[in-house]
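Asks: Next input, structure requested:
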Amino acid sequence: MSLADELIARAERRDVTFGIVGLGYVGLPLAIELGRAGYKVLGYDVSQRVVDGLNAGRSHIKDVSDSDVAALRGTQRFEATTDKTRLTEADAISICVPTPLSKYKDPDVSFIVAATEAVKGTLRRGQVIILESTTYPGTTREIMLPALEDTGLKVGEDFFLAFSPERVDPGNPKYGTKNTPKVVGGITPDCHRVACAMYAPAIDTLVPVSTTEAAELVKLLENTFRSVNIGLVNEMAIVCDKLGVDVWEVIEAAATKPFGFMKFLPGPGLGGHCIPIDPHYLAWKMRGLNYKTRFIDLAGELNSEMPLFWVRKLMETLNDQTKAIKGAKVLVLGVAYKKDIEDLRESPALDILALLHQYGANVSYHDPYVAKFSEGGYDYQSVPLTEKLLRDVDAVLIVTDHASIDWQLVKRASKLIVDTRHVIANLA
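Replies: Residues are numbered from 1 along each chain as shown. From the prediction side, this is the model:
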C-alpha cells in the first residue's frame, strides 16, 4: 500500500491527529468540525490568552460557542497549544493564518511564511499540509513547496501539500464550515486525493480542482465578483442620489426579474477579512505579469470612496438645516463591518469616523457588539442608546443595521438621520 493510500485509509478510520495553525475566525470553526467528525485535533496559536481560554472551554469567536469548545474538550479530542514543536504530532495540518495587505496594498504573506517555517521545523514523512489562508495564485507552489522540500522530503511521496480556501462568513446563520462546499487543489494528484480524504468526514461537499493555483484563484474570483458588483451598485446609489431617485426602489424592482440579475446592495463601503483585501492580491499578481486588472481597480476605487460620499451626504443634509459639520454632534450607529457581529476588520465605519473628526464633528458611537476600540489616535467607547441621546445629537449616521438596535426609537427620537444601508437622508 502506498503512503497516500495508507493515509486515506487512516482518515476513513479517523486514526489521524489534525493540526490547526491559527485558531481564529477560520481555524477554530474548522477545528470544531474536525473534532465532531471524530478526529483528534491539536490547535496551535501564538496567543497564550486564546490557548488558555480554549483549554478552559471558552471560545473567543462569536460563531463558536463556549459549549461547542467545552463539549469537544470533554471528549478529549481537542487541545490547544503555543508550542509549535508539537506540530510533529499532527498527521494533517491546516494553516489558517491572516493574510492582510501592506500599507501599499500589496500582499503581506509574512504570516504564511512564519506558519510554513513552523511546519517545516517539525515536518516528517507522512504528513499532509493544507493551506487555507486566502492568497495570490502561486503561493502554495512558489513559497511553501520549496521551503518544505528543503527538508529533503519529496512532495507527493514523503509528504502531501494542498490548498483549500476558507469560505467563512462570520455571523451567517445558514452556512458554516460543515455545509459550505470546500474547494481542494493539490500539488500532485496524490496530494489532492489525500487532502480530500482528510476533509471528507468533516465537510459535506468537496469540490476538486486540478491545481493549487486553480484553488487559490477560486477564492479570489468569488470575492472579486462581489467587490465589482458592490462597486457597481454603489455607483448606482450615487447616480440615483444625483437624479433624485430612490435607489432601493430601483434595486427591489430590478430584483423581480427571474433571470439575468443578481441583487447586490449599496452601503458605506467594503469591510471584513475578504472582500476589501482579496481583489488586491489578484491585481498585485497581474501587475507582475504586465497586466492591469481594470475592473478590479475601478471597483476598488469606487468602494473606497463611499465613506467620503456618505460624510459629504451628511454635511449636505446638515447644511439644509443651516448647520455646519464643524462642531455638530454626530452619533454613528454600528461600527462592525456588517450586522449582528463584533468584527471591525476593514470596517468602513473606521474611515467614516476619521473623516468626521477631520471635518471637526463631535463624534460618538453606539454598537451593541463593540464595547470599545482604538483607531487613528482616538479611544472610542460605545454610548448607551437612549431617547435623550438621540434628541441631543444633531445627526445620526447609520453604518451597520444590527437587529438588536431599537430602530423605532431611532426613527422616533432623531432630528436627522442619514442611513448608508438603505441609502436615505431624512428628517424624523
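
Asks: contacts, neighbours, all on C-alpha from now
Replies: Noted.

Asks: For the most centrally placed residue in the chain, give me phi and psi.
Replies: Centroid-nearest residue in the chain, with Cα atoms, centre = their mean: H273, separated by 2.9 Å. Per-residue torsions, H273: phi -90, psi 0 (degrees, to the nearest 10).

Asks: correct me, but it touches S347?
Replies: No - H273 is beyond contact range of S347, at 9.3 Å (criterion: Cα atoms under 8 Å).

Asks: circling back: can you tell me the closest non-neighbouring residue to the residue nearest to the centre of the chain?
Replies: Among residues not flanking H273 along the chain, R345 sits closest, at 6.1 Å (Cα to Cα, 6 or more residues apart in numbering).

Asks: need the strands for the stretch 51-200 of the chain, in chain order.
Replies: 78-81, 92-95, 128-131, 160-163, 182-186 (DSSP state E, counting those that start in this stretch).

Asks: sorry, that was for the stretch 301-428 of the chain
Replies: 329-333, 362-366, 372-375, 378-381, 395-398, 416-419, 424-427.

Asks: Between the ones you listed, which one is closest to G27.
Replies: Among the strands of the stretch 301-428 of the chain, the nearest to G27 by Cα to Cα is strand 372-375 (23.9 Å).

Asks: I'd like the average pLDDT over the closest one.
Replies: Average pLDDT, strand 372-375: 93.

Asks: which strands and helices sit next to it?
Replies: With contacts taken as 3 or more Cα pairs under 8 Å, 6 or more residues apart in numbering; DSSP states H and E, strand 372-375 sits against strand 378-381.

Asks: still on that earlier bit, the residue nearest to H273 contacts K338, correct?
Replies: No - if you go by Cα under 8 Å, R345 and K338 don't touch, sitting 10.1 Å apart.

Asks: domains of the protein?
Replies: 3-210, 297-427 (automatic domain parsing).

Asks: Format these as a markdown table; extra columns: distance to K219.
Replies: Output for the domains of the chain, formatted as a markdown table (distance: least, Cα to Cα, whole Å):
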| stretch | distance to K219 |
| --- | --- |
| domain 3-210 | 6 |
| domain 297-427 | 17 |
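
Asks: mean pLDDT lowest for which of those domains?
Replies: domain 297-427 - the lowest mean pLDDT of those, at a mean of 92.

Asks: so Y378 bridges to which residues?
Replies: E375 (DSSP bridges).

Asks: Would you format the domains of the chain as JSON lines with mean neighbour count included?
Replies: Formatted as JSON lines, the domains of the chain follow (neighbours: other Cα atoms under 10 Å):
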{"stretch": "domain 3-210", "mean neighbour count": "20"}
{"stretch": "domain 297-427", "mean neighbour count": "18"}
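
Asks: closest one to N229 among the ones you listed?
Replies: In terms of Cα to Cα, the element of those nearest to N229 is domain 297-427, at 7.9 Å.

Asks: List the residues that contact the closest residue to Y136 other than its chain neighbours.
Replies: Nearest-residue entry for Y136: Y281, 5.2 Å, with adjacent residues in sequence omitted and distances by Cα to Cα, 6+ apart. Neighbouring residues of Y281 by Cα atoms under 8 Å, 6 or more residues apart in numbering: 106-107, 135-136, 220.

Asks: All good on my end, thank you.
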